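# here is my input, please return the structure:
(one chain, ligands or ions: 1)
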Amino acid sequence: MVQKDLQTEPESLDRVDGRPKVTGTATYSAEYAVGNLAHSVLITSTIAKGRIKNINAKAAEESPGVLAVISHLNSPGVPGYPPAKQPAEPAPVGTAFRVFYDELIYFNGQPVAMVVAETLEQANHAASLITIGYEIATHQTDFEANLSKSAVALSVQRSKNSPFQDYGRGNPEAFDAAEVKIEATYTIPTQHHQPMEPHAIIAVWEGEDKLTVYDKNQGVKSAQGNLAQAFKLARENVKVNAQFIGGAFGSGIRVWPHTVAAVLAAKKLKRPVKLVLGRELMFTSVGYRPYTVQKIAIGASKNGILTAMNHEGTGQTSAYEEHLERTILATRAMYACPNVFTKYRLLNLDVNTPTWMRGPGDATGMFALESALDEMAFALHIDPLEFRLQNHADTDPERNLPWSAKSLKECYELGAEKFGWKNRLPAPRSMQKDGMLVGYGMASSLYGFHRHPSKARAVFSRKGSVVVQSATMDIGPGTGTAMTRIASKILGVSPGKIRFDLGDSSLPDAPGQNGSSTIPSVGSAVHVACEALKTKLLKLASEIPGLNLQPDQMTIKNGRIFNLTDASGGISLSDVLKYHNLEQVEVTEESKSGAERDQYSMYSFGCHFIEVHVSPLTGEVRVKRVVTCADVGKIINYKTARSQSIGGIAGGIGMALMEASVMDHRFGRYITNDFVSYHIPVYADVPQIDVIYVDKPDVHVNPIGSKGLGEIAIVGVAAAIANAVFHATGKRVRDLPITVEKLI
Ligand code: MOS
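The predicted structure is shown next:
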């Protein structure tokens, strides 16, 4: 078992793009200097359901600088939408929201019109002059009040093989027969991604059939495909640029209506148009983590062996689309339990569609499962860590397959040791410090393995530099840094001479950055491309007479090719190209999964140990210490990996203690719509975090042995905190966030 940290991995690279980011020279989507740019603002509905009766835009249109007021009344139309019906008919479930399409209102905050003007100030002023008349229909936005209307998603009903079908293994009566039982309901409120950079786009048409967008998103290739489809353009005629992204957390995985609106406006005006969503619009425009209620029933024997787990999850979705996530799936694979039953339901409400956010599904589901495990351990008078070890799944109990690799036991061991778990006194309220109640909590973590076909191009030029390219993204984790590290190690070229290009749809095909899939997918492509480039360079060198380079002995180091037996001989890479009269040597390679997907079950695993202090007077919870340990296969670059883990923990602290999007159901409108009312962790809320990786390559998953790291860091954190709060106070909070009123 290798245990490394920053001190023991001094060769860890700093962020290759750190300097432009911190000095402000990195260009974000809204910052591109495009000539003749028009500015736009969206006007959004103030009712949650009904129809637009009239739009009075006359004063706005006559206002100085205004170029157009666009709505369903005069939209040039999105060619990919079917023709609107007269009178309008509600979109069938499964239809992505169509912007400026007809007069129907599906949610409060829906874009209904757009003002485009010479300046942002003129657009804003004109927007204030527009009045819209609505015919209001009764809306339903209250999840709890409508829970009885939840149902199996239509998409699941239509797909026999959906993982969201009701699932069962073993005996359905096992829970009733269990010696010890726990039954509880856990609730997660709607939460929003809240990246620092709001979503933004500059749309530029070059003629009738060529579109370029500078758009904040998490996948230039999928955005390209989406926009090509919407505007009926050839794929290669759509260029999507998104080189720098100021965080996204899932909000940029799909193309949202505001993007289409800006492209429409630019088309109508034959002028570049910029649209930046203000913080308030970020609550209704780019998805959110859905409100989710979960019922868990766990049975165990008196000596602490799990005998039954029943898990039912119900998530919120819009009236027009179904968003499903992994909520109940972890329960099937996490522990060795013979009798497991899961159900997944959706509740359609008059709200905008949710989307993936920060460990989607698993972060939600593992809050419930790992809280329930803690409740059971307490009922059994067994240490929570011991309970998990006793029920460790040595093989995947869901698929009956061996794990590709699993070092969860090492994670438990390393984490518990570093944290000092053995010092925990079992009884709630039994530990105190400085007048505060002290709680120790822990939880397990898992995250599915996602690998998508990816391409990379690697080019060595005679100057001695390397350029590696792929249409992948960096929404913050440091993609370019990790890829540079991979390329540098294989090619024997120093990182300073390597450039990694991303965030441009004209680069070789790659998946978007989501599902913690970038290193497993694109890292593998960079690996195979660099290996192929190396092979080519070695072959070229071996063809040079007089050097006596032996194919089985050659290596590259510090930009030179030489025989391992004679480090003083050989030739520089640049001279190899010079000899062959080549300016550059280039390869493009693809990497993708194979049959191993059917032979092994692949997950990242981990655990968190967390100490909280709770004020007995005010109920304030402070997270004092976190030890997080993960087995994600091989770590590519410790420094950026560790930053990802810290970010995930910070997200978990927010999820556990602060984040909640609160709606006033009289209007179906969020009343938390800024950072004054929607709380996220600030620097003072995030304590010292010890990050430990097992760092053993998983030889079955891909050529580099690395699994996803970004999202496993948040999964389980909310449960570990809730468990620590219970240990500190004796109060079990099952509905997040754990705010003071729930503890007093
Ligand atoms: Mo992540 S929620 O897959 O960006």
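
# use CA for all of it now, contacts and neighbours both
Noted.

# do you know the pLDDT at L6?
On pLDDT, L6 comes in at 48.

# same thing with A487?
The model reports A487 with a pLDDT of 98.

# quick check: closest non-adjacent residue to it.
C530 (6.0 Å; Cα to Cα, 6 or more residues apart in numbering).

# remind me what the helix or strand that contains the one you found packs against, helices and strands.
Assigning secondary structure by DSSP states H and E places C530 in helix 524-542. For helix 524-542, the elements it packs on are strand 454-461, helix 479-491, helix 573-579, strand 584-591, judged by 3 or more Cα pairs under 8 Å, 6 or more residues apart in numbering; DSSP states H and E.

# I182: neighbouring residues, count only.
If you count neighbours by other Cα atoms under 10 Å, I182 ends up with 18.

# correct me if wrong: it contacts S301.
No - when contacts are counted by Cα atoms under 8 Å, I182 is not listed as touching S301 (11.8 Å).

# show me the protein divided up by domain.
Domain assignment of the chain by automatic domain parsing yields the ranges 32-138+195-248+252-285, 140-193+287-400, 452-592.

# so can I have TSV of these showing distance to S444?
Listed next are those as TSV, based on distance: least, Cα to Cα, whole Å:
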stretch	distance to S444
domain 32-138+195-248+252-285	25
domain 140-193+287-400	7
domain 452-592	18
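
# mind checking those domains for the one nearest to L13?
Shortest separation from L13 across the domains of the chain is recorded for domain 452-592, at 6.8 Å, computed as Cα to Cα.

# show the end-to-end separation of the closest one, please.
6 Å (Cα to Cα, to the nearest Å).

# hmm, it touching the ligand?
Yes - applying Cα under 6 Å from any ligand atom, one finds domain 452-592 touching the ligand at 514-515.

# go through the domains of the chain and name the closest to E659.
Nearest of those to E659, taken as Cα to Cα: domain 140-193+287-400 at 6.0 Å.

# run the chain-centre distance for that closest one.
Put simply, domain 140-193+287-400 sits 20 Å off its chain's centre (Cα atoms, centre = their mean, to the nearest Å).

# now do stretch 619-629
Distance, centroid of stretch 619-629 to centroid of chain: 23 Å (Cα atoms, centre = their mean).

# kindly report the same for stretch 513-523.
On Cα atoms, centre = their mean, the centre of stretch 513-523 falls 11 Å from the chain's centre.

# for the nearest residue to S615 once chain neighbours are set aside, what are phi and psi?
Closest residue to S615 apart from its sequence neighbours, by Cα to Cα, 6+ apart: M436 at 5.1 Å. Dihedral angles of M436 (phi, psi; degrees, to the nearest 10) stand at phi -110, psi 150.

# can you pull the contacts of A60?
66, 69, 126-130 (Cα atoms under 8 Å, 6 or more residues apart in numbering).

# now the buried members of these.
Among the contacts of A60, the ones that count as buried by 16 or more other Cα atoms under 10 Å are 66, 69, 126-127, 130.

# so which of these sit within strands?
66, 69 (DSSP state E).

# any chance of the buried ones among the contacts of A60 in a markdown table, plus distance to the ligand and pLDDT?
Putting the buried ones among the contacts of A60 into a markdown table (distance: Cα to the nearest ligand atom, whole Å; pLDDT from 0 to 100) gives the following:
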| residue | distance to the ligand | pLDDT |
| --- | --- | --- |
| V66 | 37 | 98 |
| V69 | 33 | 98 |
| A126 | 35 | 98 |
| A127 | 32 | 98 |
| I130 | 36 | 98 |
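
# just the buried ones among the contacts of A60 now: which is nearest I680?
The closest of the buried ones among the contacts of A60, once distances to I680 are taken by Cα to Cα, is A127, at 30.3 Å.

# okay but that closest one is in contact with V41, surely?
Yes - with contact defined as Cα under 8 Å, A127 counts as touching V41 (7.4 Å).

# am I right that E417 falls within a helix?
Yes - E417: assigned to a helix according to DSSP: H, G, I helix; E, B strand; the rest coil.

# any idea how far V99 is from the ligand?
Relative to the ligand, V99 is positioned 24 Å away (Cα to the nearest ligand atom, to the nearest Å).

# hang on, I meant R499
R499 sits 25 Å away from the ligand, taking Cα to the nearest ligand atom as the criterion.

# distance of T555 from P703?
With Cα to Cα as the criterion, T555 and P703 are 19 Å apart.

# repeat for Y344
From Y344 over to P703 the distance is 35 Å, taken as Cα to Cα.

# between these two, who's got more neighbours?
Y344 (26 against 19).

# could you list which of the contacts of A60 belong to helices?
Judged by DSSP state H, the contacts of A60 include 126-128 as members of helices.

# make CSV out of those residues and add distance to K21.
Output for the ones in helices among the contacts of A60, formatted as CSV (distance: Cα to Cα, whole Å):
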residue, distance to K21
A126, 35
A127, 33
S128, 35
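
# for the closest residue to the ligand within the stretch 601-744 of the chain, which non-adjacent residue is spatially closest?
In the stretch 601-744 of the chain, the residue that lies nearest the ligand is E711 (7.2 Å; Cα to the nearest ligand atom). With Cα to Cα, 6+ apart as the criterion, E711 has its nearest non-adjacent residue at 4.8 Å, and that residue is G359.

# repeat that for G710.
Of all residues not flanking G710 in the chain, S516 sits nearest, at 5.3 Å (Cα to Cα, 6+ apart).

# quick one: contacts for the one you found?
By Cα under 8 Å, 6+ apart, the contact list for S516 reads 449-450, 708-711.

# let's see that with 10 Å instead.
Applying Cα atoms under 10 Å, 6 or more residues apart in numbering to S516 gives the contacts 358-359, 447-451, 477, 707-712.
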